[in-house]
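Engineer: here you go, sequence then predicted model.
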Amino acid sequence: STLQVAKAKPDPIFALAARYQADPHPKKTDLGIGAYRSNEGKPWVLPVVHEVEKLMANDPTLTHEYSPLAGNKDFYEAGARLIFGNDIDVKKVGSIQTLSGTGANHMGALLLRHYTPFGKGAKTIWVPTPTWGNHYQIFQTVGFEVKAYPYWDGENKKLDFEGLLDTLKNKTADGDTIVLHACAHNPTGMDPTKEQWEQIAEVFKQKELFAFFDSAYQGFASGDVDRDAWAVRYFVEKGIDLLVCQSFSKNMGLYGERCGALHVLLHDSTPEVAENITSQLAYQTRGEVSTTPAFGSRIAQKILTTPELYKQWDSEIKLMSSRIIEMRKALRGKLEELKTPGTWNHITEQIGMFSFIGLPEASCKRLTDEFHIYLLPNSRISVAGLNTSNVEYVAECIHKVVTE
Ligand code: PMP
């Protein structure tokens, strides 16, 4: 027939989740997908989100009409204030509501492919090694050539800052687009220090590089949404052209509602420039999905713009991030107690949802196949999958695969 379709290769993270689901073993442990779990190992609806859902159910003015093409304006303006700070003039930001962080990555890439001032549109985008696996597919889909810059030094379990800086300085072309994880780098959990960000920003200035910030974990890294936005705000202060892909999947637990925004901020932006950007993004959105989902954006908008709800949200983020930090300490502590060969300090030095524990692929495979612990083959674990009932078991199994 005219259509011949071979089976697609499975997505590694979703395939792992399916294996976990099908595993009947009582000690099975899910350290795969990046979704917060309570200490009981259950998905957690933030109480503040539940609160807003109840308010919405009783609000007679809410309908199921379409959103405008650019999405829920009150939502994305509040989102811009969250990432850039309250002082930002939102009229100078070209924003649009997106299908969560993934959609923001897609729309941001599409915009750069078509509208950069370097002639025909940007062709090359640089991502860290390693990066969120989906970056490659998203950027290649819109025709980018994806190149990698050094990020993780596996041998010393730290940031390869020299390699990173050298590549940005000497291997990129002026005007290239560089993807930066705004905080809580996925998958390594290792971010540059403030001093290192300052040096990175300096190169962006010199070479007029475009900063493509992916912000999927604001609040998750430190428990403080302002602290986690530091790098983005520093780049803005330095007058570097940038965009931010903003996701509310993790920090509001709205994963499946697909709630996010794209914010483009140029150093010489005016309200007219911002409006033009939003209009092009809206035009593109129309041809792809018409309009984005209303529900999650209404929840996020309500939380971000109501002081008491915002305060409650802030305390719930702190609760999630502090549980994760506790689990990092517990895992490191147990491994050190067992005297598992190797160093484990990186587990508590890394931040955010993930830890790159630094085991070879064969050991990760053994953890999954023999011990029913589901983690990525590159040894990324979702720390949120650890809890007081399973952390000891996980440490003991890591000890076994390292020593036996
Ligand atoms: N970027 C990064 C770095 C991520 O880790 C994720 C979530 N895994 C996303 C973007 C997008 O997630 P979502 O589309 O659910 O917002």
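Structural biologist: Nice, thanks for sending it over. Numbering: from 1, shown residues only.
Engineer: spell out which parts of the protein neighbour the ligand.
Structural biologist: 34, 100-102, 132, 181, 186, 214, 216, 247, 249, 255, 260 (C-beta under 6 Å from any ligand atom). From N, CA and C alone the C-beta is placed, and that goes for glycine too.
Engineer: one more time with 5 Å, if that's ok
Structural biologist: Proximity of the chain to the ligand, by C-beta under 5 Å from any ligand atom, involves residues Gly34, Ser100, Gly101, Thr102, Trp132, Asn186, Asp214, Ala216, Ser247, Ser249.
Engineer: adding neighbour count and secondary structure as columns, could you present those in TSV?
Structural biologist: Listed next are the residues of the chain next to the ligand as TSV, based on neighbours: other C-beta atoms under 10 Å; DSSP: H, G, I helix; E, B strand; the rest coil:
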residue	neighbour count	secondary structure
Gly34	23	coil
Ser100	25	helix
Gly101	25	helix
Thr102	21	helix
Trp132	21	coil
Asn186	23	coil
Asp214	26	strand
Ala216	27	coil
Ser247	26	strand
Ser249	22	coil
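Engineer: between all of the residues you listed, which two are separated the most?
Structural biologist: Farthest pair in these (C-beta to C-beta) is Ser100 and Asn186. Separation: 14.3 Å.
Engineer: which residue does the stretch 301-404 of the chain have closest to the ligand?
Structural biologist: Met353 (7.9 Å; C-beta to the nearest ligand atom).
Engineer: for that residue, give me the pLDDT.
Structural biologist: With respect to pLDDT, Met353 scores 93.
Engineer: which non-adjacent residue is nearest it?
Structural biologist: Nearest-residue entry for Met353: Gly34, 5.0 Å, with adjacent residues in sequence omitted and distances by C-beta to C-beta, 6 or more residues apart in numbering.
Engineer: how close does the one you found get to Ser363?
Structural biologist: 21 Å (C-beta to C-beta, to the nearest Å).
Engineer: over to Thr29?
Structural biologist: 15 Å.
Engineer: these two - which one has more neighbours?
Structural biologist: Thr29 (26 against 19; other C-beta atoms under 10 Å).
Engineer: identify the residues contacting the nearest residue to that one once chain neighbours are set aside.
Structural biologist: Excluding its sequence neighbours, the residue lying closest to Thr29 (C-beta to C-beta, 6+ apart) is Ile373, at 4.7 Å. Listed by C-beta atoms under 8 Å, 6 or more residues apart in numbering, the contact set of Ile373 reads Lys28, Thr29, Leu31, Leu367, Val394, Cys397.
Engineer: switch to 10 Å and redo it
Structural biologist: 20, 27-32, 364, 366-367, 381, 385, 390, 393-394, 397-398, 401 (C-beta atoms under 10 Å, 6 or more residues apart in numbering).
Engineer: sec struct for Ala211, please.
Structural biologist: strand (DSSP: H, G, I helix; E, B strand; the rest coil).
Engineer: same thing with Glu392?
Structural biologist: Strictly by three-state DSSP, Glu392 counts as helix.
Engineer: show me what contacts it?
Structural biologist: So Glu392 contacts Ala330, Leu331, Lys334, Glu337, Leu338, Leu386 (C-beta under 10 Å, 6+ apart).
Engineer: packing partners of the helix or strand where Gln280 lies?
Structural biologist: Following DSSP states H and E, one finds Gln280 within helix 271-288. Helices and strands touching helix 271-288, by 3 or more C-beta pairs under 10 Å, 6 or more residues apart in numbering; DSSP states H and E, are helix 73-84, strand 94-99, helix 100-115, strand 259-265.
Engineer: with mean pLDDT and distance to Thr63 added, can I get those in a markdown table?
Structural biologist: A markdown table is the format used below for the helices and strands packed on helix 271-288 (pLDDT from 0 to 100; distance: least, C-beta to C-beta, whole Å):
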| stretch | mean pLDDT | distance to Thr63 |
| --- | --- | --- |
| helix 73-84 | 98 | 16 |
| strand 94-99 | 98 | 17 |
| helix 100-115 | 94 | 23 |
| strand 259-265 | 98 | 19 |
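Engineer: please work out which of these is packed deepest.
Structural biologist: strand 259-265 (a mean of 30; mean count of other C-beta atoms under 10 Å).
Engineer: what's the angle from that strand to helix 271-288?
Structural biologist: Counting by axes from the mean of the first three to the mean of the last three C-alpha atoms, to 10 degrees, strand 259-265 lies at 140 degrees to helix 271-288.
Engineer: sheet partners, orientation included, of strand 259-265?
Structural biologist: strand 94-99 (antiparallel), strand 242-247 (antiparallel) (DSSP bridges).
Engineer: in TSV: the ones you listed, plus distance to Arg286.
Structural biologist: What follows is the strands paired with strand 259-265, written out as TSV (distance: least, C-beta to C-beta, whole Å):
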stretch	distance to Arg286
strand 94-99	11
strand 242-247	20
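Engineer: of those strands, which is nearest Gly79?
Structural biologist: The nearest among those, by C-beta to C-beta, is strand 242-247 at 5.3 Å.
Engineer: who touches stretch 339-347?
Structural biologist: 156-158, 188-190, 327-336, 338, 355-359, 381, 383, 395-396, 398-403.
Engineer: so which of those are in strands?
Structural biologist: Lys158, Ser355, Phe356, Ile381 (DSSP state E).
Engineer: ok, the second one touching Val383?
Structural biologist: This means Ser355. Yes - between Ser355 and Val383 there is a contact under C-beta atoms under 10 Å: 5.3 Å.
Engineer: what sits in contact with each of the two?
Structural biologist: Here Ser355 and Val383 have Leu31, Gly189, Ile324, Met327, Arg328, Leu331, Ile347 as joint contacts, going by C-beta under 10 Å, 6+ apart.
Engineer: against Phe371, how distant is Thr29?
Structural biologist: Thr29 is 8 Å from Phe371, by C-beta to C-beta.
Engineer: what is in contact with the two at once?
Structural biologist: Common neighbours of Thr29 and Phe371 (C-beta under 10 Å, 6+ apart) are Tyr393, Val394, Cys397.
Engineer: contacts only, for the residue nearest to Phe248 when sequence neighbours are not counted.
Structural biologist: Closest residue to Phe248 apart from its sequence neighbours, by C-beta to C-beta, 6+ apart: Cys259 at 4.3 Å. By C-beta under 10 Å, 6+ apart, the residues touching Cys259 are 72, 75, 79, 97-101, 103, 246-249, 252, 292-301.
Engineer: having no further points to raise, I will conclude here.
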